[in-house]
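[1] Sequence first, predicted model second:
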Amino acid sequence: MNQTRWWEAGLKTLVFFLVSQTVVFLVEWPLAGEFYFAYWYRWMEVALLTFPGGALVWFSRKENVLGDLILAVPLGLLGILGVSYILVMLQNPPFHLLTVLFCFLQAGFWLYALKTKPRDRWITLAFTVILAAAGCILIL
């Protein structure tokens, strides 16, 4: 995400995941005794999604409304997960307490790590609350 161009960020993310997944399977091969090609193939398909993912993270670092909106989508998803786990936790406390804390702390961490200006943090937070509230209403 610290690259000068969006395609560099996406490409470096893609190469990292392609290499790391291949190395993981090459290490597992002798340990398991056979190579699970179908499993490796699925992970390579997922690794191809890291190119647009890396590009989106690069765009989310921009100090504009589009960057704020792009970052608000995953933060809103974390908010929806946090609320759904709160409901599960209330049925059988204290199960999922750490899951709830992890969801909201991770959302706060990424908000402060990727947005440096207070104005952008507030805009992203507003988008996040709107998306999370709408998602909770629709899903829950």
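    Nice, thanks for sending it over.
[2] drop to CA atoms for contacts and neighbour counts, all remaining ones
    Noted.
[3] in which helix or strand would I find residue 27?
    Assigned by DSSP states H and E, residue 27 belongs to helix 6-32.
[4] tell me what that helix is packed against?
    Using 3 or more Cα pairs under 8 Å, 6 or more residues apart in numbering; DSSP states H and E, the elements in contact with helix 6-32 are helix 37-48, helix 50-60.
[5] Can you pull the phi and psi angles for the residue of the chain positioned farthest from its centre?
    What lies farthest from the middle of the chain is residue 33; by Cα atoms, centre = their mean that is 33.3 Å. Residue 33 adopts backbone torsions of phi 90, psi -10, taken as degrees, to the nearest 10.
[6] distance of it from residue 25?
    11 Å (Cα to Cα, to the nearest Å).
[7] Repeat that for residue 41.
    With distances taken as Cα to Cα, residue 41 is found 10 Å from residue 25.
[8] Between those two, which has more neighbouring residues?
    residue 25 (18 against 12; other Cα atoms under 10 Å).
[9] Which residue comes closest to that one once chain neighbours are left out?
    Spatial nearest neighbour of residue 25, excluding adjacent residues (Cα to Cα, 6 or more residues apart in numbering): residue 40 at 7.0 Å.
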